[in-house]
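Chemist: kindly generate the corresponding structure for this input.
(one chain, ligands or ions: 2)
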Amino acid sequence: MSAVLHTGLAELVTCTGEGPDPVERLGVLPDAALVVREGVVDWIGPVAEAPVADERVDHGGRSMIPAFVDSHSHLVFAGDRSAEFTARMAGIPYDGGGIATTMTATRAASEGELRALLAARVAELRGQGSDLVEIKTGYGLDVATETRAARLAAEVTDEVTFLGAHVVPPEYRDRRADYVELVTGPMLDSVAPYARWVDVFCEPNSPHSFTGEESREVLEAGRRAGLGLRVHGNQLGPGPGVRLAVELGAASVDHCTFLDDADVDALAGGDTIATLLPGVEFSTRSPYPDARRLLDAGVRVALATDCNPGTCYSSSMPLMIALAVREMGMHPAEALYAATATAADSLHRTDAGRIRVGAPALLTVLDAPSWEHLAYRPGVPLSRPVTGADSPWPSSRRSA
Ligand SMILES: N=CN[C@@H](CCC(=O)O)C(=O)O
Ligand SMILES: [Zn+2]
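Modeler: Ligands and ions are numbered 1, 2, ... in the order given. The predicted structure follows:
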């Protein structure tokens, strides 16, 4: 079994620290080295005590962090909505109506086209240092296309989410109840074998999405089918999504932009993680969620991209970290932890988001001497994956 020793690390950020201090929680080890054997972290310790290995990679004074976990994305789609973005920047507000445009293009695309589009997006995301990614359906909105989306997503991740309840498709506009019946019946039956999670766009503020009662039906049906629960809630205005998610024990409620005190109290008293998606507010020119208020209330906060063609066509977790720090009041250490460890927790994954012995080696290298550079240098491509024994940096030195 070949072992690779990684050295030359100015800092190794493990995200295995404890306590209330956000920097301590990062568990930063200076002058550390680690050994990867067959894709698993085999040893972590001071470089001076590093064991002999088959190969050695010298990272030349860079830093290593856990690969980002992108716990919210919509990567299975065809078509282009750049004109919608441009119109929005000229003042047209977002209301979810554009989802039908993507639905039409996605239904019309061939399986081969969709697979290639998905593969390119996953490669783009992983090339920036993310590894584990959650991928939602939600641009098919009929049984065949939702099933195809879930099947394709399952080819690239274990974290597939059924989002048949994204919006009510145009052919059901005057008979919403029939669509909820389809989603909670034949569509769920067809998609569930490929999915781990069910999600709903609970947003009474848009005519396209779902009320609290409709959302409850969708989530309870998903749970009966053995799926875990996730919710899009309180994105466009106040609403019942957050409290419903907490009441039903959802793993995560995502967006959380418009919250009242009762929503914050519910999150603080429950097990549901609040996943914030600052790329959405950036790309829709909307007010940002108040991460500081949530963190100060004791709510666990994760960050994700929400990469999708409508509200945020970015796969960059470093951008989300920079926005969370600059616009949402998060400490840079809180933001990094939210984009790795807490995002993994929101997917109930103990094998990602932290670097520890015995865990898969999902590692990202920063071309910087410390983790602080992530938020400090926005827009600069600092992060790259470490895949297998390969060093991502041409200047890293490898030797046997
Ligand atoms: N809010 C619902 N769904 C996506 C947007 C989808 C779209 O506009 O295509 C989101 O998470 O923001
Ligand atoms: Zn989303």
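
Chemist: got a list of what the residue in the chain that ligand 1 sits nearest to touches?
Modeler: Closest to ligand 1 within the chain is Gly310: 2.0 Å, counting by Cβ to the nearest ligand atom. All C-beta spots, glycine's among them, are computed from the backbone N, C-alpha and C. With contact taken as Cβ atoms under 8 Å, 6 or more residues apart in numbering, Gly310 is in contact with Arg81, Glu84, Tyr94, Gly96, Gly98, Ile99, Thr102.

Chemist: for the residues you listed, give me a markdown table that also has neighbour count, secondary structure and pLDDT.
Modeler: Shown next, in a markdown table, are the contacts of Gly310 (neighbours: other Cβ atoms under 10 Å; DSSP: H, G, I helix; E, B strand; the rest coil; pLDDT from 0 to 100):
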| residue | neighbour count | secondary structure | pLDDT |
| --- | --- | --- | --- |
| Arg81 | 20 | coil | 97 |
| Glu84 | 18 | helix | 96 |
| Tyr94 | 19 | coil | 92 |
| Gly96 | 20 | coil | 89 |
| Gly98 | 21 | coil | 94 |
| Ile99 | 26 | helix | 95 |
| Thr102 | 24 | helix | 98 |
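
Chemist: what secondary structure does the residue of the chain closest to ligand 1 sit in?
Modeler: coil (DSSP: H, G, I helix; E, B strand; the rest coil).

Chemist: distance of it relative to Val28?
Modeler: Distance from Gly310 to Val28, counting by Cβ to Cβ, to the nearest Å: 37 Å.

Chemist: farthest-apart pair in the contacts of Gly310, please.
Modeler: Greatest spacing in the contacts of Gly310, by Cβ to Cβ: Tyr94 and Thr102 (13.3 Å).

Chemist: now, which of the contacts of Gly310 lie close to ligand 1?
Modeler: When contact is defined as Cβ under 6 Å from any ligand atom, the contacts of Gly310 meet ligand 1 at Gly96, Gly98, Ile99, Thr102.

Chemist: isn't the first one up against Asn205?
Modeler: In other words, Gly96. No: applying Cβ atoms under 8 Å as the test, Gly96 and Asn205 come out as separate, 9.2 Å apart.

Chemist: common neighbours of these two, please.
Modeler: Residues touching both Gly96 and Asn205 (Cβ under 8 Å, 6+ apart) are Leu236.

Chemist: on that earlier part again, report pLDDT for the residue of the chain closest to ligand 1.
Modeler: pLDDT for Gly310: 98.

Chemist: same question, Arg398
Modeler: Each residue has a pLDDT score; the one for Arg398 is 61.

Chemist: quick one: list the elements packing against the helix or strand hosting Tyr179.
Modeler: Tyr179 belongs to helix 176-182 when assigned by DSSP states H and E. Here helix 176-182 touches helix 212-224, going by 3 or more Cβ pairs under 8 Å, 6 or more residues apart in numbering; DSSP states H and E.

Chemist: is ligand 1 within reach of the helix it packs on?
Modeler: No: counting by Cβ under 6 Å from any ligand atom, ligand 1 is not contacted by helix 212-224; separation bottoms out at 12.6 Å.

Chemist: tilt between whichever helix or strand comes after that helix and helix 212-224?
Modeler: Sequence order places strand 228-233 as the next helix or strand after helix 212-224, per DSSP H and E. Here strand 228-233 runs at an angle of 160 degrees relative to helix 212-224 (axes from the mean of the first three to the mean of the last three Cα atoms, to 10 degrees).

Chemist: touching ligand 1 at all, whatever helix or strand comes next after strand 228-233?
Modeler: Note on strand 228-233: by DSSP H and E, the next helix or strand toward the C-terminus is helix 241-247. No: for helix 241-247, no contact with ligand 1 is found by Cβ under 6 Å from any ligand atom; the gap never falls below 10.6 Å.

Chemist: pull the CA atoms of helix 241-247 into PDB?
Modeler: C-alpha atoms of helix 241-247 as PDB (Å, rounded to 0.1, in the frame of the first residue of the first chain):
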ATOM      1  CA  GLY A 241     -40.400  27.500   6.200                       C
ATOM      2  CA  VAL A 242     -37.900  27.800   9.100                       C
ATOM      3  CA  ARG A 243     -40.300  26.800  11.800                       C
ATOM      4  CA  LEU A 244     -41.700  23.900   9.800                       C
ATOM      5  CA  ALA A 245     -38.100  22.700   9.100                       C
ATOM      6  CA  VAL A 246     -37.300  22.800  12.800                       C
ATOM      7  CA  GLU A 247     -40.600  21.200  13.800                       C
END
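
Chemist: buried ones in that helix?
Modeler: Applying a neighbour-count criterion of 16 or more other Cβ atoms under 10 Å, the buried positions in helix 241-247 are Gly241, Val242, Arg243, Leu244, Ala245, Val246.
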